[in-house]
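K.L.:
Give the three-dimensional model of this entry:
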Amino acid sequence: MTTRINAASYIKSGLGQAMLALQHQVETSGLEHSLIELVKLRTSQINGCAYCLDMHSKDARALGETEQRIYALNAWRETPFYTDRERAALEWAEAVTRVSVDHVPDRVYDAVAPHFSEPELVALTFAVVAINSWNRLAISFRAPVGSYVSPHAVAHA
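P.N.:
I've put the predicted structure just below:
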């Protein structure tokens, strides 16, 4: 695919800085970084964002995520590889991402709420909002897939 717009060149714009500020707040919200990466990956799978799947699989690996958990993420309900808290986060991420389907039903909220404090659930929701936004930017502008190098991998090299 041919890149339509190099969105990275606009990252210093007010809009780009606003997105980066939101992402920074998500990353420093207190949620586990491994959990945030799983949510980013699962949301990107649902949205079919190749650029973000490449990016976040590399970031997850660099942060210590296992290949097994990355490969099985699309079928997380059928595997024993995720904690109850991670399962709750993935269920929430799917429901928020597919908000047009059933408007995040009460049954999902009721299943997720015991695993997260109110501030954590707000942070998790913003994490889902942020990755959905990044997915839409990358897909719309056809971000080039494969060239991303994780800063976490560089830091650990």
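K.L.:
Number of residues surrounding Tyr71?
P.N.:
Neighbourhood size, Tyr71 [other C-beta atoms under 10 Å]: 12. To be clear about C-beta, it is placed using only N, CA and C from the backbone, and glycine gets the same treatment.
K.L.:
Oops, could you answer that again for Glu65 instead?
P.N.:
19.
K.L.:
quick one, what contacts it?
P.N.:
Counting by C-beta atoms under 8 Å, 6 or more residues apart in numbering, Glu65 touches Ser34, Glu37, Leu38.
K.L.:
Please state the offset of stretch 138-148 from the chain centre?
P.N.:
15 Å (C-alpha atoms, centre = their mean, to the nearest Å).
K.L.:
Kindly check the end-to-end length of that stretch for me.
P.N.:
13 Å (C-alpha to C-alpha, to the nearest Å).
K.L.:
Name the residues of that stretch that come out as buried.
P.N.:
Buried residues in stretch 138-148, counted by 16 or more other C-beta atoms under 10 Å: Ala138, Ile139, Phe141, Ala143, Pro144, Val145, Tyr148.
K.L.:
swap in stretch 44-59?
P.N.:
Those would be 44-47, 49-59, for stretch 44-59 by 16+ other C-beta under 10 Å.
K.L.:
how distant is that stretch from the center of its chain?
P.N.:
With C-alpha atoms, centre = their mean, you get 8 Å for stretch 44-59.
K.L.:
what about that stretch, average pLDDT?
P.N.:
Stretch 44-59 shows an average pLDDT of 96 in the prediction.
K.L.:
What lies in contact with that stretch?
P.N.:
Outside stretch 44-59, the residues that touch it by C-beta under 8 Å, 6+ apart are 37, 40-41, 70, 73-74, 94, 97-98, 131-132, 134-136, 138-139, 143-146, 148-150, 152-153.
K.L.:
swap in stretch 112-129?
P.N.:
Applying C-beta under 8 Å, 6+ apart, the set of residues contacting stretch 112-129 from outside is 22, 25-26, 29-31, 36, 39-40, 43, 84-85, 88-89, 91-93, 96-97.
K.L.:
Looking at the buried residues of stretch 44-59, which two lie furthest apart in space?
P.N.:
Largest separation among the buried residues of stretch 44-59 by C-beta to C-beta: Ile46 and Lys58, giving 19.0 Å.
K.L.:
Helices along this protein, start to end?
P.N.:
In the chain, the helices defined using DSSP state H lie at 14-27, 33-47, 50-62, 67-72, 84-97, 99-102, 106-112, 118-141, 151-156.
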